[in-house]
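*Asks:* Build me a model:
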Amino acid sequence: MAAVKTLSEGVRLYAVQTDRFKTSSIAVTMALPMSTNLSANALLINVLKHSCKKYPDFVMLNSRLSELYGASVGASVIKSGEAQLLTLSTVCIDDRFALGEDEKISAECADLLCGMLFEPDLKNGKFNSDIVAEEKRLLLQRIDEEINDKRYYAGVRCEQILCRDEAYGKSRYGERAEVEAVTPDDIYDAWQNLLRSARIMITCVSSSDGKRVEKIFKKGFSKIDREPAEITTEYRKKAGAFRRVEEKYPVNQGKLVLGFRTGMSDIDDMHYPEILMIDLFGGNVYSKLFLNVREKLSLCYYCWAKLHIRKGVVFVDCGIDTENEKKATSEIVKQLQAIRDGDFTDEDMAASLMGMRERWLSMDEPMKLCLWYGAQVCDDTLVTPEEKVAKLEKVTKDEVCAAAKRLSLEAVYMLSAETQEGENNED
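*Replies:* Numbering: from 1, shown residues only. Have a look, this model is predicted:
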């Protein structure tokens, strides 16, 4: 089990000391409930990475990053269960490669992140309106780009249909109109709320022991009156009323997405059997969906299953010719039944375990490790990649079959190639 330091109420730090990498990374992952102002939060994290009180403009910040051997700062927004995760991070050369014997680049980067987080560049108590306007433009552009990516769009639409009356059905960025409505005052309020109520995981991956990084962040949070928010995710064990939605677009390739409930009651309910089952079902090139629906029957251009274990839902997405929807859907359900019936070998399970073992134990960048632990920001205890592999290897064939039997189909979304004028169809 990972040894975690508590820096403040709801703030934890985990330092991964390793000399595997030539670079170091620090990531501050902050979780907020989906009931907060999602658009203001998404804009805030991108505004924060622009500057801080000590380095108030791009030139000064870029100069400082150059002094730190070309370090970089990044920000991201994702949805994990019914929590919005905001991450502010930095990547730099590892301390052992610094020219000065006493140079601790990771600690310098931690200090820079603290400056951005705790002492942003405010003018009369407000964030720079020009930077807010620019980040708003970029976020709206990102939303439009995701809509234009029809595979991504189809996945989002199926999420919305499956979880139409749940917080998980919301976009990680909020709606387009909500983004447009955000003001600099909203950004300030979001910043205050973030510092006060977010659940926070700080991960440092470096050859150093992380004690300097710990000291820097502990000092920063010591000035904040913390009241961490309660973040929970609703799991629905059984599918509700079945719903199929079809929309027509001028596309060459149809997009079919099926949304299933896993039967999980919480994140610990058959956690590892669910992971292995979905990988066998449609997670890789050795899976049932790839070998049969795509390769053998040629019913689709791609066909994968993805488990969202922090919500207890599964989505199968395919690129198909529109006329093949019924055949593809029928075959997907047939392959799920094969998993339920135990129609897979020990060799299939071994291939799945080997694939996941390689992915989890061979992370080639320190930031991937940071994000691994950041994803566990709302969990009571942290699980290392090694621990996860060990637990997965104990899963039995009967447990895989039992996990498959609990899947129930609730939503189908079909984005059809538009052949004639007509209204969107919803059944």
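
*Asks:* Point out where the stretch 101-250 of the chain drops to low pLDDT.
*Replies:* Within the stretch 101-250 of the chain, not a single segment meets pLDDT under 70.

*Asks:* which residues in the stretch 301-427 of the chain form strands?
*Replies:* 302-308, 313-320, 408-417, 425-426 (DSSP state E, counting those that start in this stretch).

*Asks:* now do the stretch 1-150 of the chain
*Replies:* 5-8, 11-17, 23-33, 72-80, 83-93, 122-123, 126-127.

*Asks:* Show me what the second one is in contact with.
*Replies:* Going back to what we said before, that points to strand 11-17. For strand 11-17, contacts defined as CB atoms under 8 Å, 6 or more residues apart in numbering pick out 2-7, 200-211, 213-214, 217, 221, 226, 366, 369, 373, 382. From N, CA and C alone the C-beta is placed, and that goes for glycine too.

*Asks:* That strand pairs with which strands?
*Replies:* Paired with strand 11-17 in the same sheet, following DSSP bridges, are strand 5-8 (antiparallel), strand 199-206 (parallel).

*Asks:* same question, the fifth one
*Replies:* Based on DSSP bridges, the pairing partners of strand 83-93 within the sheet are strand 23-33 (antiparallel), strand 72-80 (antiparallel).

*Asks:* Flag every buried residue along the shortest one.
*Replies:* By neighbour count with 16 or more other CB atoms under 10 Å, strand 72-80 contains the buried residues 73, 75-77, 79-80.

*Asks:* ditto for stretch 136-148
*Replies:* Judged by neighbour count using 16+ other CB under 10 Å, the buried positions of stretch 136-148 are 136, 139, 143.

*Asks:* May I see the strands paired with strand 83-93 arranged in TSV, with distance to residue 416 and mean pLDDT as well?
*Replies:* Putting those into TSV (distance: least, CB to CB, whole Å; pLDDT from 0 to 100) gives the following:
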stretch	distance to residue 416	mean pLDDT
strand 23-33	36	97
strand 72-80	27	97
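
*Asks:* Adding distance to residue 390, write those strands out as CSV.
*Replies:* Compiled in CSV, those are given as follows (distance: least, CB to CB, whole Å):
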stretch, distance to residue 390
strand 23-33, 24
strand 72-80, 23
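
*Asks:* I'd like to know which of those is closest to residue 271.
*Replies:* The closest of the strands paired with strand 83-93 to residue 271 is strand 72-80. By CB to CB, the value is 14.8 Å.

*Asks:* contact partners of the closest one?
*Replies:* Contacting residues not belonging to strand 72-80 are listed as 31, 34, 41-42, 45-46, 48-49, 61, 65, 84-92, 112-113, 116, 168, 170-173, 310, 375, 377-378 [CB under 8 Å, 6+ apart].

*Asks:* Disregarding flanking residues, what is the spatial nearest neighbour of residue 64?
*Replies:* Leaving aside its chain neighbours, residue 64 sits nearest to residue 55 (5.3 Å; criterion: CB to CB, 6 or more residues apart in numbering).

*Asks:* just to revisit the earlier point, and which of the buried residues of stretch 136-148 is nearest residue 263?
*Replies:* Distances from residue 263 to the buried residues of stretch 136-148, taken by CB to CB, are shortest for residue 143, at 32.9 Å.

*Asks:* Correct me if wrong: that closest one contacts residue 173.
*Replies:* Yes. Contact between residue 143 and residue 173 holds when scored by CB atoms under 8 Å: they sit 6.0 Å apart.

*Asks:* shared neighbours, the two?
*Replies:* The contact lists of residue 143 and residue 173 share residue 179, where a contact means CB under 8 Å, 6+ apart.

*Asks:* ok so, going back, just the ones of the buried residues of stretch 136-148 in helices?
*Replies:* Of the buried residues of stretch 136-148, the ones assigned to helices by DSSP state H are 136, 139, 143.

*Asks:* so the residue lying closest to residue 320 once chain neighbours are set aside, which of the three states?
*Replies:* The shortest distance from residue 320 to any non-neighbouring residue, by CB to CB, 6+ apart, is to residue 300 (4.6 Å). Here residue 300 is recorded as coil under DSSP: H, G, I helix; E, B strand; the rest coil.

*Asks:* Geometrically speaking, which residue is the centre of this protein?
*Replies:* residue 78 (4.5 Å; CA atoms, centre = their mean).

*Asks:* burial measure for the closest residue to residue 21 other than its chain neighbours, as a count.
*Replies:* In space, and not counting its chain neighbours, residue 21 is closest to residue 366: 4.8 Å by CB to CB, 6+ apart. For residue 366, the count of nearby residues is 25 (other CB atoms under 10 Å).

*Asks:* Contact partners for residue 366?
*Replies:* Taking CB under 8 Å, 6+ apart, we find residue 366 in contact with 16, 18, 21, 23-25, 91, 205-206.

*Asks:* Are any of these buried, and if so which?
*Replies:* Taking 16+ other CB under 10 Å as the criterion, what is buried in the contacts of residue 366 is 16, 21, 23-25, 91, 205-206.

*Asks:* Turn the strands of the stretch 1-150 of the chain into CSV, including distance to residue 231.
*Replies:* Shown next, in CSV, are the strands of the stretch 1-150 of the chain (distance: least, CB to CB, whole Å):
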stretch, distance to residue 231
strand 5-8, 17
strand 11-17, 14
strand 23-33, 5
strand 72-80, 10
strand 83-93, 5
strand 122-123, 28
strand 126-127, 25
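
*Asks:* wait, which of those is closest to residue 276?
*Replies:* strand 72-80 (20.8 Å).

*Asks:* Pull the CA coordinates from that closest one and hand them back as PDB.
*Replies:* Coordinates of each C-alpha in strand 72-80 appear next as PDB, following Å, rounded to 0.1, in the frame of the first residue of the first chain:
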ATOM      1  CA  SER A  72       6.700  23.000 -18.700                       C
ATOM      2  CA  VAL A  73       3.300  23.600 -17.000                       C
ATOM      3  CA  GLY A  74       0.100  22.000 -18.000                       C
ATOM      4  CA  ALA A  75      -3.600  21.900 -17.000                       C
ATOM      5  CA  SER A  76      -6.300  19.400 -17.700                       C
ATOM      6  CA  VAL A  77     -10.000  18.700 -16.900                       C
ATOM      7  CA  ILE A  78     -11.600  15.300 -16.900                       C
ATOM      8  CA  LYS A  79     -14.700  13.600 -15.400                       C
ATOM      9  CA  SER A  80     -14.200  10.700 -13.000                       C
END
